[in-house]
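Enquirer: Curious how this folds, go ahead:
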Amino acid sequence: MAELSLNNIVKRYGSFEIIHGADLDVKDGEFVVFVGPSGCGKSTLLRMIAGLEDITGGELKISGRVVNDVEPADRGIAMVFQSYALYPHLTVEENLSFGLRMNGNPKADTERRVRHVAEILQITELMTRRPKQLSGGQRQRVAIGRAIVREPQVFLFDEPLSNLDAELRVQMRVEISRLHKQLGTTMIYVTHDQTEAMTLADKIVVLRAGNIEQIGAPLDLYDDPANQFVAGFVGSPKMNFLRAEVTGVKAGRATVVLTGDKTVRMEVPLSDRSVTSGAEVTLGIRPEHFGEAGQGEADLTVAVDVAEHLGNTSYIYANFGGEQLIIEQPESRNLGKTETLTVSLPAARTFLFDTAGKRLR
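Expert: Predicted coordinates:
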């Protein structure tokens with residue numbers, strides 16, 4: 001078991017800085033997920049923890065020990081990559097035991113560990129097969145098993161499910177979650193998949209352009225995003241954003257008018273007292289938070305482009321003043337491409353951001 005501490009971690013390639021002073025504490029036994037768009041630095045940060053990338057600046061501690069200059073093999077870490085990286089000429093049993101045998105681990109202990117891992121991952125019947133005889137999900141189990149058998153202090157996962165089809169991804173998410181509960185080991189997981197992040201994590205770290213934008217529990221980030229980037233990135237389908245203008249500010253509330261239709265006017269709570277009348281803002285609302293017409297502070301009528309029916313839920317893809325919206329409806333509706341839909345905006349469910357993405361409420 002282990003806890004990790006990242007203090008002002010920096011990564012540069014020459015004069016180009018990739019990670020700009022990352023600070024993060026990971027508790028013993030915690031499941032932490034790094035999310036962010038491509039190129040944000042999440043895999044680079046993971047590889048620095050693993051020791052596969054040098055740390056340019058800052059301090060990395062594992063269980064209180066500074067490991068900046070410690071070799072990867074001596075950090076007590078095991079990593080599962082996007083590619084399975086199995087030896088094609090070896091059986092499953094030989095793949096699982098390879099690292100232990102190369103390190104001179106006693107034969108009896110190696111056999112014990114391999115049997116234990118095979119039971120945990122339910123791959124006992126696959127032990128004599130070679131990788132080409134396994135499905136994608138089975139190969140991923142073996143790759144994870146090869147990490148478990150080392151009995152590391154920390155598991156690192158770098159987008160391990162990206163090569164699997166949708167059904168297998170769901171299955172493996174359940175397996176990894178079950179595995180974490182069973183082992184109780186500290187895990188750090190990199191993904192771009194919102195569902196993986198929301199369902200697996202104890203704590204999510206949202207990165208953008210080498211900076212940590214927000215850290216928190218999944219539902220805390222979903223309900224209380226720090227800025228417009230986090231609000232738009234966390235959640236699937238993503239939050240809707242509507243251009244608006246502040247026309248008045250009084251007693252901690254702002255009156256805003258939607259740019260797409262200036263007849264749509266509403267009052268919203270305001271926590272930033274520096275906002276003044278005439279300011280351009282963005283109003284955010286999640287797809288499931290639209291209300292029925294007449295039940296919010298303002299109604300808006302949208303032109304329906306596509307209705308996606310998913311049983312007891314429908315997603316309405318619509319246009320409002322040139323802006324694209326996704327509206328979740330609790331039941332299927334027979335809406336054609338030329339029809340309109342009127343919904344309400346409940347002020348308590350909306351967010352307000354300035355032009356730089358700073359949250360105003």
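Enquirer: Give the rounded mean pLDDT of stretch 195-203.
Expert: Stretch 195-203 comes out with an average pLDDT of 92.
Enquirer: If we go by neighbour counts, what in it is buried?
Expert: Neighbour-count burial for stretch 195-203 flags Glu196, Ala197, Met198, Leu200, Ala201, Lys203 (criterion: 16 or more other CB atoms under 10 Å). For the C-beta atoms, the positions are set from N, CA and C on the backbone; glycine is no exception.
Enquirer: Columns secondary structure on top of those residues, output as TSV?
Expert: Compiled in TSV, those are given as follows (DSSP: H, G, I helix; E, B strand; the rest coil):
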residue	secondary structure
Glu196	helix
Ala197	helix
Met198	helix
Leu200	helix
Ala201	coil
Lys203	strand
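Enquirer: just the residues you listed now: which is nearest Gln329?
Expert: For these, the closest approach to Gln329 (CB to CB) belongs to Met198, at 21.4 Å.
Enquirer: Distance check, the closest one against Val268.
Expert: As judged by CB to CB, to the nearest Å, Met198 and Val268 stand 26 Å apart.
Enquirer: Same question for Thr128.
Expert: 64 Å.
Enquirer: go on, Ser277?
Expert: 14 Å.
Enquirer: of those two, who's got more company?
Expert: Each of Ser277 and Val268 has its neighbours counted (other CB atoms under 10 Å); Val268 has more, 23 against 12.
Enquirer: gap between that one and Phe241?
Expert: 14 Å.
Enquirer: before we move on, what about Asp202?
Expert: 29 Å.
Enquirer: Regarding Leu221, what is its secondary structure?
Expert: Applying three-state DSSP: Leu221 is helix.
Enquirer: pretty sure it contacts Val205?
Expert: No. Using CB atoms under 8 Å, Leu221 is not in contact with Val205; the gap is 9.7 Å.
Enquirer: now the helices for the stretch 51-200 of the chain?
Expert: With DSSP state H, counting those that start in this stretch as the criterion, the stretch 51-200 of the chain has helices at 92-102, 107-121, 136-148, 166-183, 194-200.
Enquirer: Break this structure into its domains for me.
Expert: Following automatic domain parsing, one finds the domains of the chain at 4-233, 240-354.
Enquirer: And the buried residues of stretch 195-203, which two are furthest apart?
Expert: Most distant of the buried residues of stretch 195-203, by CB to CB, are Glu196 and Lys203, 14.0 Å apart.
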